[in-house]
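1. here is a sequence together with a model predicted from it:
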Amino acid sequence: MNLIKVNNLNLSIHEKEILKGLSFEGKAGEILGIIGESGSGKSMTANSIIKLLPFGSSVTGEIILQNKNLLETSEEEMCTIRGRDIGFIFQEPMTALNPLKTIGEQVSEVIRIHKKINKFDALNSAATILDRVGLPQTDFPSTRYPFELSGGQRQRVVIAMAIAIKPKLIIADEPSTALDVTTQAKLIKLLKKLVIEDNICLIMITHDLSVIAEMADKIIIMRNGEIVERGKINILKNGLKNDYSKNLLKASNYKSKNLNKKISNQTLLKVDNISRHYSDNSFRFFGEKKVFKAVKNVSFSINYNENVGLVGESGCGKSTITRAILGLDPIINGKIILEGDEIKASNVSKNIRKKLQVVFQDPYGSFNPRHNVLKLISEPLYLEQSQISDYEKLNIVKELLERVGLNAEDHKKFIHEFSGGQRQRIAIARSLILKPKLIILDEAVSALDVSIRAQILDLLVELSESYGLSYLFISHDLSLVKSITSRVLVMKSGQIVESGNTKDIFNSPSHAYTKSLIASSPNLESSLRRLT
Amino acid sequence: MMPLLKNKNLSNLSFSFWVGSICVLFVFLLAIVSFFWTPYDVTSLEISNRFKTPSYNHFLGTDHFGRDILSMIMVGTQTSIAVAMVAVGIGILFGLPLGLIAAAKRGTFFDDLVMRFNDLIFAFPALIIAILITAVLGPGAFNAIIAIGIFNIPVFARVARGAALTQWSKEYILAAQVSGKGTILISIEHIIPNILNLLIVQATIQFSLGILAEAALSYVGLGAQPPIPSLGRMLADSQTMISIAPHMAIFPGLFIVITVLGLNLMGDGLRDYFDPKLKVSNS
Amino acid sequence: MLEYFFRRVVTLFFTLVFASIIIFVSLEIIPGDPASYMLGINAQEDTVIALKKELGLDKPKFERYLIWVKGMLIGDFGVSYTYRSPVIEMVGERLWVSLPLAIYALLLSTIIALPVGIFAAANRGKILDFSIMGFTQIGIAIPNFWFAMLLVYLFAIILRWFSAGGFAGWEDGIILGLKSLTLPAIALALPQASILARVMRSSLIDILSEDFMKTARAKGLSFKKALISHGIRNALIPVLTIIGLQFSFLMAGAIIIENVFFLPGLGRLIFQSIAQRDIIVVESVIMLLVFSVVLVTFIVDIAYVIVDPRLRSSIL
């Protein structure tokens, strides 16, 4: 008996087709995974079920929940269904809670909307529910405000609201995407537990195939508002039919072509025992200044022609290291030496700068929107001592554009005319223009869809071989680091806790933190192996 | 402004923007025309012709000295526009660099100093500054400009700082720093072009506030002095005669409303145009 | 919390100190000294000196600044050069007109603007919203003193519901006093209410697109209920700042509006004193106005803490 059945669902917003003829169903006690890249319409599918759609939407088809067609239900009745029969978990835990109300108030509100119950009793049952999702009253009293909780804890509050009156259906829209891997692993575990205990049907929406492979019973793959593939979860292992889904699986399980580089044994960059503290600059009347030690006595080196990975969760000090190496922030002790020259934040010579470039995470914020691509890519030429003619500049840029897989004539365009993946190619072109020795890739592929990500990683591997580049590849995602680096550093709370050959660390991590990182990051390969 | 409009479609400008522009254009045209020609001479008194209601000879009637009200309004808008415009200029000239430097040196003592200075000036409403200045230097259009101008400085400093801070946190600024560019070059090449739209919107708002402030100052006698006509003083003059000649009060006021309304509509239209996100949430 | 409070108090203190310096310094550079002005051109030199001594004008500037500040701290604003009566009495009398007027207008503006703004936001995109926004655009563009003149023309001259000006005083009861402040307060409130309504609307619309509003809907709240229980309080935070700022505009506006209605408030006192070179009165009135503005900013800062729990403890 299906709990929810969606029949030929079509959605258009302002005459634009968003969803085309979706049909799927879910049973109680079952996890249905909906997979898709950005723009596939997966979130809109979720919004259609709870009928919270943007202005100008029109929906046709059937959404049948417990023998009732939600599309024919009045808004008034929908209010009684939302929260009572359907729970919803959002992607952004940082913003999903009302900042001005306590977590107890917010959880008890769900109960008070749907049941006749006094405030005190509602708060009491809210406390029980919070306890159930792993926020015991002893450590997290329900009088806490959201800002007093971490992202993972807030997401638990959101889950508590979703399960508060045991709805039969829960929709989770990218619930773990904004979280660190270790937190993500715990949340997935919690969700799985709740599905079994409450006999829930969970619709899990995500872009991450490895998360789905780990928890779902059934899977739907979406693209451009259509379902391109569906079936039991084991179709991932044996029998994807559609080319797009095959590609997606391959890209999610990315393995680079073998790194074919001769690593020199000469040191290019030496980071020697550096530290960086941030202190609260403002004057305080009471108490001591808070000092935050972002980086504590970190040392490592990178050789010529070597790709080194730096892995850690958010806030571990990765970005501080990037900024220090680029000479943008001062360090309080230690030295950073590039080819024998010390990098000092106060005064980095053009000569040093030329050897060092960077590619950032955000494909949108990395470019001045008012400059054309020619100007964007040629910006580092400012460091060139000799004057370069405009004609020469144009030729260099054209050549680079083709080198990174774009069209030479793209130099006239502005950045908003490109997709995320294309922008990252432009960023790479910009970093290559001075033929640097070292490129820092600061989460350079993290914001991209998996299939695009695979292409960019291929490009990076190929460029590092042909230009003889060294990379410092910074990421929170272990699996990415694995594929393109030969050595890896694991960082936690400002310190490097483990370093060594990439393969060795993956196969036999020695530090407890590394172990937990590897254990909690969703591993597509092993999940697939488990499938029958 | 043209580079901002590049790559954008002018038809995206809202209806209210066009209504506003027409109002502003109309007032500006009248002010410009008045440099060369007015229906009557604003200095010629003709007592026999006083308190005339609007007619074919005097479109907007005459005042208690028999002067043509339309002519006086035309010349008066000159003063309004000039005062407000120069005051905006002063605000940008001092406020923009202050804001830019504060943003570039964010978190330092200098930044703090600029912000505290802003707060201090905010404690003095424009009118109080004007009273202070008038008490020191005596009334006049020039002093009105200074008073409104001083009030504009912290406004632009704050807007520039806030907008620049957002830009400084973006990665393209890091990319420019990695390309060896210094603070000043980055501020000029990257920051200013990207906060220009906000500054333009703020300038239209401050312009309209300037018109209102000038009117208020000259109404209480702190603005332009006779014989220079000003809308505010025309209103002050009409006050005691409102029961016998209401048209003397109505038309100059209506002109202020048209100017300010036009500027505000333009500013709103530009903001929606520059920031499509706002437009979506408005519709 | 305590830290935050102290910080605000210190800011308040320094703002007042700097403001008093600015006021004192700018007024002290005025050409012509009050004593000669009061006695006329033909005065004997020793009479001038005697008067200077009497007024305390012979002392060094710095000392006079200290005397002035010290006096204000204990409520002694000095003696008017022109009227020889204590400034505090003159100001106190006028303050009882200007301050009630500004507060009356602030209340009117807030009471009208907030519901209108909320209503417009809740109906955004509909004709009602467009017409409300159109009205507020016009409201902002109207100079308050001109609006005041139109009100006088309509309600005092044509309809004769109110008197055209003057102040009934508080002695004959609050109602009469309030009645004579009603037209001025309406004139002051209209432009501010228009601004406030727009701020309320856009702030609420911003909040409506926040994720937690969607969470509220997903819990089963209707649009209206979500708006009331989650939207408004969050939207009030930026509105609070504007209300604080408006008080300073209203105090300044009151000075102008007093002219239209012939109200015996601070505005008329200050213009009179400037004309008579009664510097000590000008200084005191300006200081008082600045003080009221700074004080309101301070109150708004403290009010934030009540509205926003993030401030309550993050600045512990």
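-> Noted; the coordinates are in hand. It should be emphasised that the depicted structure is a prediction, and the values quoted were computed from it without experimental measurement. Numbers count the residues shown, from 1 in each chain, chains lettered A, B, ... in the order given.
2. which residues are contacting stretch A:397-413?
-> A:372-374, A:377-378, A:394, A:418, A:422, A:425-426, A:428-429, A:432-433, A:455, A:459, A:463 (Cβ atoms under 8 Å, 6 or more residues apart in numbering or on different chains). In short, each C-beta sits where N, CA and C put it, glycine included.
3. kindly report the same for stretch B:84-95.
-> Contact with stretch B:84-95 is made by B:145-146, B:148-160, B:199, B:203, B:206-211, B:213-214, as judged by Cβ under 8 Å, 6+ apart.
4. ok, and for that stretch, which residues are buried?
-> The neighbour-count check on stretch B:84-95 (16 or more other Cβ atoms under 10 Å in any protein chain shown) flags B:A84, B:V86, B:A87, B:V88, B:I90, B:G91, B:I92, B:F94, B:G95 as buried.
5. that older thread, if we look at chain B, which of the contacts of stretch A:397-413 are close to it?
-> Subset of the contacts of stretch A:397-413 in contact with chain B: empty, counting by Cβ under 8 Å from any Cβ of the partner chain.
6. which secondary structure element contains residue 271?
-> Reading this off chain A. Secondary structure from DSSP states H and E places A:V271 in strand A:267-279.
7. you answered for a different chain; I wanted chain C.
-> helix C:266-275.
8. so who does the most centrally placed residue in chain C touch?
-> Nearest to the mean C-alpha position of chain C, counting by Cα atoms, centre = their mean, stands C:M251 at 2.8 Å. The neighbours of C:M251, taking Cβ under 8 Å, 6+ apart as the test, are B:P125, C:S98, C:A102, C:L289, C:S292, C:V293.
9. count of neighbours near the fourth one?
-> The number of residues packed around C:L289, counting by other Cβ atoms under 10 Å in any protein chain shown, is 28.
10. before we move on, back to that, could you flag which of the contacts of stretch A:397-413 are buried?
-> Neighbour counting by 16+ other Cβ under 10 Å classes A:372-374, A:377-378, A:418, A:422, A:425-426, A:428-429, A:432-433, A:455, A:459, A:463 among these as buried.
11. per-residue confidence for residue 227?
-> With no chain named, the answer covers chain A. Predicted confidence (pLDDT) for A:I227: 92.
12. ah, I was thinking of chain B
-> We have a pLDDT of 79 for B:P227.
13. also C:L316?
-> So, for C:L316, pLDDT stands at 39.
14. correct me if wrong: C:A122 contacts C:K225.
-> No. Taking contacts as Cβ atoms under 8 Å, C:A122 lies outside contact range of C:K225: 11.5 Å.
15. quick one: which of those two has more around it?
-> Taking neighbours as other Cβ under 10 Å, C:A122 and C:K225 compare with C:A122 leading, 19 against 16.
16. residues contacting the more buried one?
-> By Cβ under 8 Å, 6+ apart, the residues touching C:A122 are C:L204, C:F223, C:K224, C:L227.
17. for C:S229, same thing?
-> By Cβ under 8 Å, 6+ apart, the contact list for C:S229 reads A:E109, C:A216, C:L221.
18. so which of those is the closest to chain B?
-> C:A216 (17.5 Å; Cβ to the nearest Cβ).
19. name the helices or strands packed onto whatever helix or strand the closest one lives in?
-> Using DSSP H and E, C:A216 falls within helix C:211-219. Helix C:211-219 is packed against strand A:86-89, helix A:103-114, helix A:151-163, helix C:223-226, with contacts defined by 3 or more Cβ pairs under 8 Å, 6 or more residues apart in numbering or on different chains; DSSP states H and E.
20. just list whatever residues bridge to A:N333.
-> Under DSSP bridges, the beta-bridge partners of A:N333 are A:S275.
21. okay, now whichever residue of the stretch 51-200 of chain C sits closest to chain A: neighbour count?
-> Nearest residue of the stretch 51-200 of chain C to chain A: C:G125, at 7.2 Å (Cβ to the nearest Cβ). Residues lying near C:G125 (other Cβ under 10 Å) number 13.
22. among the buried residues of stretch B:84-95, which are in helices?
-> Counting by DSSP state H, the buried residues of stretch B:84-95 place B:A84, B:V86, B:A87, B:V88, B:I90, B:G91, B:I92, B:F94, B:G95 in helices.
23. now these in a markdown table, with pLDDT?
-> Below are those laid out as a markdown table (pLDDT from 0 to 100):
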| residue | pLDDT |
| --- | --- |
| B:A84 | 92 |
| B:V86 | 95 |
| B:A87 | 94 |
| B:V88 | 95 |
| B:I90 | 96 |
| B:G91 | 94 |
| B:I92 | 95 |
| B:F94 | 95 |
| B:G95 | 94 |
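24. just flag the most distant two among those.
-> For these, the farthest-apart pair by Cβ to Cβ is B:A84 and B:F94; their separation is 16.5 Å.
25. and stretch A:503-516, average pLDDT?
-> Throughout stretch A:503-516, pLDDT has a mean value of 89.
26. follow-up on the earlier one: out of the contacts of C:M251, which comes closest to C:I23?
-> Once Cβ to Cβ is applied, the member of the contacts of C:M251 that ends up nearest C:I23 is C:L289, at 10.0 Å.
27. now for the helix or strand encompassing that closest one, which elements pack on it?
-> Per DSSP H and E, C:L289 falls inside helix C:279-307. Applying 3+ Cβ pairs under 8 Å, 6+ apart, one finds that helix C:279-307 contacts helix B:126-137, helix C:2-28, helix C:61-73, helix C:87-122, helix C:232-261, helix C:266-275, helix C:309-314.
28. for A:I63, which three-state class applies?
-> strand (DSSP: H, G, I helix; E, B strand; the rest coil).
29. give me every residue that touches residue 222.
-> Just going to use chain A. A:M222 touches A:I34, A:I35, A:G36, A:S40, A:G41, A:K42, A:T45, A:V228, counting by Cβ under 8 Å, 6+ apart.
30. chain C is the one I meant
-> Residues in contact with C:S222 (Cβ under 8 Å, 6+ apart) are A:E75, A:E76, A:C79.
31. same check on B:L270?
-> Applying Cβ under 8 Å, 6+ apart to B:L270 gives the contacts B:L13, B:F17, B:N197, B:I200, B:V201, B:T204.
32. repeat the analysis, applying 10 Å as the threshold.
-> B:1, B:4, B:13-14, B:17, B:20-21, B:197-198, B:200-201, B:203-204 (Cβ atoms under 10 Å, 6 or more residues apart in numbering or on different chains).
33. just curious, which of these is nearest to chain C?
-> If you rank the contacts of B:L270 by distance to chain C using Cβ to the nearest Cβ, B:G20 comes first, at 9.2 Å.
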